[in-house]
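[1] no sequence for this one, just the structure:
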């Protein structure tokens, strides 16, 4: 399952845990963890899905935004 997750564009909360932060962000991984652990305690966490970082990278490359994003990043003043 872990190898499938790494290639997926969408993952259901029911299939996520806090270990998946790198795949779907902290908030989505936390929602997956809450869905799995709080349901048995009577907390209603509806199932949903997360768009993965793999999907984001694919989109950026497919629509040709990678160079534009890099160019904009070069102009930012980050030493604030």
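    Nice, I can see it. Just so it is clear, the structure is predicted and the values come from calculations on it, not from any experiment.

[2] could you list the low-pLDDT ranges of the protein?
    1, 80 (pLDDT under 70).

[3] quick one, helices of it?
    2-7, 21-24, 26-38, 53-62, 66-75 (DSSP state H).

[4] okay if I get these as JSON lines plus distance to residue 44?
    In this view, the C-beta of every residue, glycine as well, is placed from N, C-alpha and C. Formatted as JSON lines, these follow (distance: least, C-beta to C-beta, whole Å):
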{"stretch": "helix 2-7", "distance to residue 44": "25"}
{"stretch": "helix 21-24", "distance to residue 44": "21"}
{"stretch": "helix 26-38", "distance to residue 44": "8"}
{"stretch": "helix 53-62", "distance to residue 44": "27"}
{"stretch": "helix 66-75", "distance to residue 44": "39"}
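
[5] and stretch 29-45, how far out from the chain's middle?
    Distance of stretch 29-45 from its chain centroid, counting by C-alpha atoms, centre = their mean, to the nearest Å, is 17 Å.

[6] what's next to that stretch, contact-wise?
    Residues from elsewhere that reach stretch 29-45, judged by C-beta atoms under 8 Å, 6 or more residues apart in numbering: 11, 13-21, 23-24, 46-48, 50.

[7] can you check stretch 3-22 too?
    For stretch 3-22, the surrounding residues in contact (C-beta under 8 Å, 6+ apart) are 1, 23-24, 28-33, 35-36, 45, 47-55, 58.

[8] and those, which are buried?
    The neighbour count (16 or more other C-beta atoms under 10 Å) marks 23-24, 28-33, 35-36, 45, 49-50, 52, 54 as buried among those.

[9] next, name the residue at the spatial heart of the protein.
    residue 24 (1.8 Å; C-alpha atoms, centre = their mean).

[10] please consider this matter closed, and thank you.
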